[in-house]
Every structure is written in structure tokens, then in C-alpha cells.
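> Dropping the sequence and predicted coords here.
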Amino acid sequence: MEIETKNFSIRSLKIKDAQTLLQKLNLSHKDSIQKIIRATPPYSLDTAKKYIEFQIEKSKEEPENCIVVGIFHKNEDLVGLIELKHISYSKGSAELNYWNEEKYLEQIYQAINDFKNYCSKKLGIHNFN
């Protein structure tokens with residue numbers, strides 16, 4: 001999955017993103033990123049790589065259950081994560097969680113809305129909890 005917006009790219013995480021993810025984990029004092037990653041400090045590069053590998057495998061084996069994508073600024077800096085879980089295609093609903101860097105707060109909301117629009121059009125998900 002890849003969505004291009006005016007300021008961001010929204011795409012699946014790749015192993016090459018592990019170092020950036022690690023930096024964000026260590027700089028963030030928010031529970032929201034920790035809830036998405038489901039790991040506790042101290043974080044290591046191995047933690048970030050294992051999380052990304054897990055997401056890649058999960059997307060291959062069970063693409064309908066959980067979707068996690070990164071929000072990347074045009075300079076390729078990771079500035080947010082979006083997690084879609086408890087997906088019910090029959091009800092057109094899913095739980096949406098996100099983490100973002102504060103300095104891009106307003107723009108991130110637009111990226112999340114672009115992601116929701118994508119989910120509505122491509123996946124038939126219209127209700128987000």
C-alpha cells in the first residue's frame with residue numbers, strides 16, 4: 001500500500017526504516033507509539049527490526065486483520081504511524097490508532113484523513129473507532 005499526499009507518503013514499513021523507527025521510539029514520550037509497537041523500553045535496533053519483520057509477515061499471512069503503515073515526510077523521515085486493527089469488512093469498520101510527531105500535527109491529520117479515504121474507497125471501511 002502506498003498513498004502519496006501533498007506533504008507525505010503513507011506506506012508499509014520496510015526493514016530499511018528500522019533505524020528511523022528506533023530513533024522515534026527513543027525520542028517519543030507518548031504511550032501511543034508504544035501501544036502500536038507493543039514493546040517496552042529499552043528499545044534497540046533489533047526491537048525495531050523485529051517489529052517491522054513481524055508486520056511484513058502478518059501482512060502476507062493475515063492482511064485482513066491488521067494494517068500498519070508509516071507516514072513519511074517527503075524527505076523520507078518517519079513522522080507518524082497508523083494502525084488499523086479489528087477490521088470487520090462485513091460491517092465496514094475498524095479501530096484506528098496513530099502516533100505522530102507534534103511538529104507536523106495539522107498536516108498529519110490531513111494524512112490520516114487521506115488514509116481513511118483510501119480505506120473507504122479500496123477496502124470498504126467507513127467507520128473508524
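Alright, I've got the coordinates. Because the structure is a prediction, the values reported are computed rather than measured.

> beta partners for Ile67?
Under the criterion DSSP bridges, Ile67 forms beta bridges with Leu84.

> give the contact list for it.
Taking C-beta atoms under 8 Å, 6 or more residues apart in numbering, we find Ile67 in contact with 1, 59, 82-85, 87. The way it works is simple: take the backbone N, C-alpha and C, and place the C-beta from them, glycine included.

> Distance to Ile33, pLDDT and neighbour count added to those residues, as JSON lines?
Formatted as JSON lines, the entries for the contacts of Ile67 read as follows, by distance: C-beta to C-beta, whole Å; pLDDT from 0 to 100; neighbours: other C-beta atoms under 10 Å:
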{"residue": "Met1", "distance to Ile33": "20", "pLDDT": "81", "neighbour count": "14"}
{"residue": "Ser59", "distance to Ile33": "19", "pLDDT": "79", "neighbour count": "18"}
{"residue": "Ile82", "distance to Ile33": "12", "pLDDT": "92", "neighbour count": "22"}
{"residue": "Glu83", "distance to Ile33": "10", "pLDDT": "89", "neighbour count": "20"}
{"residue": "Leu84", "distance to Ile33": "16", "pLDDT": "91", "neighbour count": "21"}
{"residue": "Lys85", "distance to Ile33": "15", "pLDDT": "88", "neighbour count": "14"}
{"residue": "Ile87", "distance to Ile33": "21", "pLDDT": "91", "neighbour count": "20"}
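
> Identify, from those, the entry nearest to Tyr43.
Distance ranking of the contacts of Ile67 against Tyr43, using C-beta to C-beta, places Glu83 first at 17.4 Å.

> where's that closest one relative to Phe128, distance?
In this structure, Glu83 and Phe128 are separated by 11 Å, where distance is defined by C-beta to C-beta, to the nearest Å.

> joint contacts of these two?
Between them, Glu83 and Phe128 share the neighbouring residues Leu96, with contact defined by C-beta under 8 Å, 6+ apart.

> Nothing else from me, thank you.
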